[in-house]
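> take this sequence and fold it.
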Amino acid sequence: MDKKGIKYLKRYIGERIGWLAVILCIAAMMAGTMFFNGVPASEIGYGLALCAFVTAVVVFTGYGRHWESLCKLEQMRENITVLSNEMKAPEYLYEEQYQDCIRALAQEKDRLRNEMRNRQQDRSAYYSMWVHQIKTPIAALKLLIDEDLETCFETADETEENDTRVRKEQQKQQELFRIEQYADMALQYTRLGAESNDFVLERVVLDEVIKRSARKYAKQFIHKKLRLCYEPQEIAAVTDRKWLGFVLDQLLSNAVKYTREGSVTVRVFCAVEDAQSVHIIIEDTGIGIRAEDLPRVCEMGYTGYNGHADRYSTGIGLYLCKAILDKLGHRLSVASEEGTGTQVEIVIAGG
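Here you go, the predicted model:
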């Protein structure tokens, strides 16, 4: 018997010490009565030995059933989902009552879980519908702003009034782009929390995904007069094109948002020590991140010191990136120095 078995045996005997004491007292009284009635001591000893033997058999037989029940409970605790179906048949009324309570709790848990799942599905469906519907007026506003800008440029009027109008239209473009970005973020957030995600793993040429994200933020680069440094590489990796594109969009958005001057550099390469791993690095010359904020930048809703200074910071972008890359089996790391810039690295293993 191992240490755990000895421990349980001591506990079992301790829980029944009262009954054992009663049996011992009865045996002592019977032995005393027989002794004063002239029964030979040998016969009394034989009777006591027989009583002790029967008691030991009953105790250890009961402990065997007790041990079996304990082992079954430990197995169920390791896999609590089968709790109500795998319980040992009750031997006593109180065990039956306990098991009925456990089954009732399991049924209530299943009911609540199904109710929460249905609510989550309804919420996700509503948010998805809302995001898709909001894109229609966003697209219409884009066209209207583009038309107004085209009109301003066609007039070729270099007056201050016309320049002010152009700046206002361009500012509208920036704000509308930000609205569209937040709507996409809301959609991806709801999809990420769903029980099943539409991940499609395939061999993707990373240059295509990076160029698409760069084109998406081209106006932001031009507006802030930032350089984008990127040398195309014919490197492919196994990933999900759409979700990786969303991650790159978020990282480029952060790089542009927190860089006042200088450049944003994107590099793609295979590691020398592991040719199967593909690394994507996005590096900027922005305001950087404080050392004390770095360990928490990927937490939900955490914006840090620099994020508090920016009214547009939500603290969701890097959290979504980390969550998506974790589900894809990729790695994300962030290195930064305040006042110098930030470097974000994506590692795609087995590229």
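
> those strands in the stretch 101-250 of the chain, which residues are they?
For the stretch 101-250 of the chain, the strands defined by DSSP state E, counting those that start in this stretch occupy 202-205, 227-230, 236-239.

> just checking: what are the partner strands of the first one?
This points to strand 202-205. Paired strands of strand 202-205, with direction, are strand 236-239 (antiparallel) (DSSP bridges).

> near V200, how many other residues are there?
11 (other C-beta atoms under 10 Å). Glycine gets a C-beta too; all of them are placed from N, C-alpha and C.

> need the phi and psi values for it.
Backbone geometry at V200, expressed as degrees, to the nearest 10, gives phi -120, psi 100.

> for the nearest residue to it once chain neighbours are set aside, give me phi and psi.
In space, V200 comes closest to D240 once its chain neighbours are excluded; the distance is 5.6 Å by C-beta to C-beta, 6 or more residues apart in numbering. The phi/psi pair for D240 (degrees, to the nearest 10) reads phi -100, psi 120.

> D240 reaches L328, doesn't it?
Yes. Checked against C-beta atoms under 8 Å, the pair D240 and L328 is within contact range at 6.0 Å.

> which residues do these two both contact?
Overlap of the contact sets of D240 and L328 (by C-beta atoms under 8 Å, 6 or more residues apart in numbering) consists of F199, L201.

> now the lengthiest helix in the chain: average pLDDT?
Longest helix of the chain, by residue count under DSSP state H: helix 93-155. Averaged across helix 93-155, pLDDT comes to 81.

> what ranges do the helices span in the chain?
3-15, 17-36, 41-78, 93-155, 160-192, 206-216, 218-224, 241-257, 304-309, 317-328.

> pipe those into CSV and attach distance to S263 and mean neighbour count per row.
As requested, those are exported to CSV (distance: least, C-beta to C-beta, whole Å; neighbours: other C-beta atoms under 10 Å):
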stretch, distance to S263, mean neighbour count
helix 3-15, 64, 12
helix 17-36, 80, 12
helix 41-78, 54, 12
helix 93-155, 26, 12
helix 160-192, 20, 15
helix 206-216, 13, 17
helix 218-224, 9, 14
helix 241-257, 9, 22
helix 304-309, 19, 15
helix 317-328, 20, 19
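
> and the ones you listed as TSV, adding distance to V268?
Converted to TSV, the helices of the chain look like this (distance: least, C-beta to C-beta, whole Å):
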stretch	distance to V268
helix 3-15	55
helix 17-36	73
helix 41-78	44
helix 93-155	30
helix 160-192	23
helix 206-216	5
helix 218-224	19
helix 241-257	11
helix 304-309	27
helix 317-328	16
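
> the ones you listed: which one's closest to A291?
Across these, A291 has its closest neighbour in helix 304-309 (10.5 Å, C-beta to C-beta).

> give me the domain ranges for the protein.
3-88, 124-192, 202-348 (automatic domain parsing).

> rewinding a little: where among the helices of the chain is average confidence lowest?
Going by mean pLDDT, the lowest-scoring of those is helix 304-309, which has a mean of 61.

> residues contacting L248?
Neighbours of L248 in contact, by C-beta under 8 Å, 6+ apart: V209, I210, S213, I280, I282.

> hmm, I typed the wrong one, I wanted Q220.
Applying C-beta under 8 Å, 6+ apart, the residues contacting Q220 are Q174, F177, S253, V256.

> and which of these is nearest to C229?
The closest of those, once distances to C229 are taken by C-beta to C-beta, is V256, at 13.4 Å.

> the closest one contacts A218, correct?
No. The pair V256 / A218 is not scored as a contact, 10.3 Å apart, by C-beta under 8 Å.

> doesn't R331 make contact with C321?
No. C321 lies out of contact with R331 (C-beta under 8 Å); the separation is 11.3 Å.

> tell me where the stretch 251-351 of the chain has strands.
263-270, 278-284, 331-337, 341-348.

> so for E108, which of these sits nearest?
Between the strands of the stretch 251-351 of the chain, strand 331-337 lies closest to E108; by C-beta to C-beta that is 39.2 Å.

> residues touching Q233, list them.
Contacts of Q233 (C-beta under 8 Å, 6+ apart): L206, D207, V268, F269.

> distance of it relative to I280?
According to C-beta to C-beta, to the nearest Å, Q233 stands 10 Å off from I280.

> I figured K242 hits V200, correct?
Yes. In terms of C-beta under 8 Å, K242 counts as a neighbour of V200; the distance is 7.5 Å.

> coming back round to it: the residue nearest to V200: how many residues sit nearby?
The burial count for D240: 21, using other C-beta under 10 Å.

> coming back round to it: common neighbours of Q233 and I280, please.
What both Q233 and I280 touch, as defined by C-beta under 8 Å, 6+ apart, is the set L206, V268.

> got the buried residues for stretch 334-346?
V334, S336, E338, G341, T342, Q343, V344, I346 (16 or more other C-beta atoms under 10 Å).

> what mean pLDDT does that stretch get?
92.

> now the end-to-end length of that stretch.
9 Å (C-alpha to C-alpha, to the nearest Å).
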